[in-house]
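**Student:** structure for the following, please:
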Amino acid sequence: MTPWRGGVAAALLLAAACAPAQAPRLPTDPALVLPASDGAPRDLTRWVAEHPVTVLVFFSKDCPTLAAHDARFIAFAQRYTPRGVAFALVSSEREATPAGDALEARRRGYPFPLLSDPGGRLARALGAQYASHSVVLDAHGRVRYSGAFDSNGVQLTHDATQHVRDAVEALLAGHPPPAREREGLGCLLQLP
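**Tutor:** Model (predicted):
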């Protein structure tokens, strides 16, 4: 290879390596329709498109991190649902069933749906590995934030950094989220 061609090839490889990766998206082929604890299955592509922002938090009924956040999830949904934000928990673990998820949602008093993800397709597509892993989607199904709900594990503090809230506020104001990704906190999901 001549020096000129080698330099061009190196520049092209460097440019390709530095190009932003395609943002992860909600899977749409085939359609992803999930049973919901409120009895109204959600076609996620349509549901997401109907809202300016959608927040999905992955669920495990036995995870203390997730249980510690229940009150925060409820408060978040009560604050942002009136502003057009869709909020749901997603149950992707191998032993979860739609009937069991509906019972657990009622037991915990969730005012939002607990979606059943049999087979873990949604969890895998969105890279969720831990209970309480949160994904913020725009109306086009693009992942705008992925990671911890906030900076707390089980010991909840009032001064926690509110990662999901900050991402949602930015998107509602027409700005990119301050962070695209944070390390997840919580229990390892037991996917099928």
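
**Student:** next up, the contacts around P24.
**Tutor:** Neighbour list for P24: 125-127, 142-143, 146 [criterion: Cβ atoms under 8 Å, 6 or more residues apart in numbering]. Just so you know, the C-beta spots here come from the backbone N, C-alpha and C atoms, and that holds for glycine as well.

**Student:** which PyMOL command selects the buried ones in those residues?
**Tutor:** Restricted to the buried members of the contacts of P24, where burial is judged by 16 or more other Cβ atoms under 10 Å, the PyMOL selection command reads as follows:
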select buried, resi 125+126+143+146
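
**Student:** next, format the contacts of P24 as TSV and append pLDDT and distance to A102.
**Tutor:** Supplementary listing: the contacts of P24 in TSV, determined by pLDDT from 0 to 100; distance: Cβ to Cβ, whole Å:
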residue	pLDDT	distance to A102
A125	93	23
L126	94	22
G127	92	26
R142	95	30
V143	96	27
S146	96	27
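
**Student:** so of the contacts of P24, which ones are in helices?
**Tutor:** Of the positions in the contacts of P24, 125-126 sit in helices, assigned by DSSP state H.

**Student:** biggest separation within the contacts of P24, which pair?
**Tutor:** When the contacts of P24 are compared pair by pair using Cβ to Cβ, the farthest-apart members prove to be G127 and R142, with a separation of 13.8 Å.

**Student:** assign the residue nearest the centre of the chain to helix, strand or coil.
**Tutor:** Central residue of the chain (Cα atoms, centre = their mean): V135, 1.9 Å from the mean position. Secondary structure for V135, judged by DSSP: H, G, I helix; E, B strand; the rest coil, is strand.

**Student:** check contacts around it.
**Tutor:** Taking Cβ under 8 Å, 6+ apart, one finds 55-57, 126, 128, 143, 145-146 in contact with V135.

**Student:** confidence score at it?
**Tutor:** V135 is assigned 97 on the pLDDT scale.

**Student:** give me the beta-bridge partners of it?
**Tutor:** Counting by DSSP bridges, V135 forms beta bridges with L56, S146.

**Student:** and it, how far is that from D150?
**Tutor:** Counting by Cβ to Cβ, to the nearest Å, the gap between V135 and D150 amounts to 14 Å.

**Student:** which residues in this protein form strands?
**Tutor:** Counting by DSSP state E, the chain has strands at residues 33-34, 42-43, 53-59, 85-91, 114-116, 133-138, 143-148.

**Student:** make CSV from the ones you listed and add distance to L66 to it.
**Tutor:** Converted to CSV, the strands of the chain look like this (distance: least, Cβ to Cβ, whole Å):
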stretch, distance to L66
strand 33-34, 18
strand 42-43, 20
strand 53-59, 6
strand 85-91, 8
strand 114-116, 11
strand 133-138, 10
strand 143-148, 12
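
**Student:** alright, I will stop here.
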